[in-house]
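Participant: show me how the following folds:
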Amino acid sequence: MIALLRGVLLEKHPNQAIVDVGGVGYDVSIPVSTYSHLPEAGGEVRLRIHTHVREDALTLYGFLSQDEKALFEKLISVSGIGPKMAMAVLSGIPAVDLIANIRRGEVDKLVRIPGVGKKTAERMVLELRDKMPAPSGEELGGSTGAPAGALTAVEQDVLSALLNLGCARPAAEAAVRKARVAGAPPSGGIEFEPLFRRALELVR
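Facilitator: I've put the predicted structure just below:
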């Protein structure tokens, strides 16, 4: 099984990275938190990999931190949560908040994650409350940033990430524009993850 990939990042999208390892391009599914910390195409990247094998497919799920990989593996151990939903959960809420919400049994906060209903949230709490990984210190961080007019490249990426989570395009576009105005720093620059988190709050 593939446990780690280190190579050159050929392409990155909010839910996918293509990594060239010794001339072979690996297509890896990634959560938004990993995407926002990847280098630009052409940079070197190291991803921890969960290899998911089914009769008809072999899928690689990649994470920059061991904490997030461990959390993903806990999530897919819950009945009714497959890898796709686990990725949506990790994209919909920062890992630290997810762990805290599950430990505290905060079902009302978990159901705000796109695609997570009350029963699924209750199962997550029931099955994972005592098994949540303690963060190892490899936590992924975040920062802030935003301009105006047509959507910038970063805003297009945020829109794409929202659509991947199942949000309707008109609502997602409106949320991105509102998030841009709400979070514009004096310097004007903007970063992906803070904008994505704000837009996700606004689209609910």
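Participant: doesn't Thr120 belong to a helix?
Facilitator: Yes. Residue assignment for Thr120, taken from DSSP: H, G, I helix; E, B strand; the rest coil, places it within a helix.
Participant: Ile190 reaches Thr152, doesn't it?
Facilitator: Yes. With contact defined as C-beta atoms under 8 Å, Ile190 reaches Thr152; the gap is 7.2 Å. (Glycine included, C-beta is placed from N, CA and C.)
Participant: how many neighbouring residues does Gly25 have?
Facilitator: When neighbours are defined as other C-beta atoms under 10 Å, Gly25 has 13 of them.
Participant: quick one: secondary structure of the closest residue to it other than its chain neighbours?
Facilitator: Nearest non-adjacent residue to Gly25, counting by C-beta to C-beta, 6 or more residues apart in numbering: Ile18, 5.3 Å away. Three-state assignment for Ile18 (three-state DSSP): strand.
Participant: and Ile18, what's its pLDDT?
Facilitator: Confidence at Ile18, expressed as pLDDT, is 97.
Participant: what are the ranges of the strands in the chain?
Facilitator: Counting by DSSP state E, the chain has these strands, from start to end: 4-13, 16-21, 24-29, 44-54, 57-63.
Participant: using CSV, list the CA coordinates for the last one.
Facilitator: In other words, strand 57-63. These are the backbone C-alpha positions of strand 57-63, laid out as CSV (Å, rounded to 0.1, in the frame of the first residue of the first chain):
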residue,chain,number,x,y,z
ALA,A,57,-11.2,1.4,-8.1
LEU,A,58,-8.0,2.2,-6.2
THR,A,59,-8.1,5.8,-4.8
LEU,A,60,-5.4,7.8,-3.1
TYR,A,61,-6.3,10.3,-0.4
GLY,A,62,-3.6,12.7,0.5
PHE,A,63,-2.9,14.9,3.6
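Participant: now the angle from that strand to strand 16-21?
Facilitator: 90 degrees (axes from the mean of the first three to the mean of the last three C-alpha atoms, to 10 degrees).
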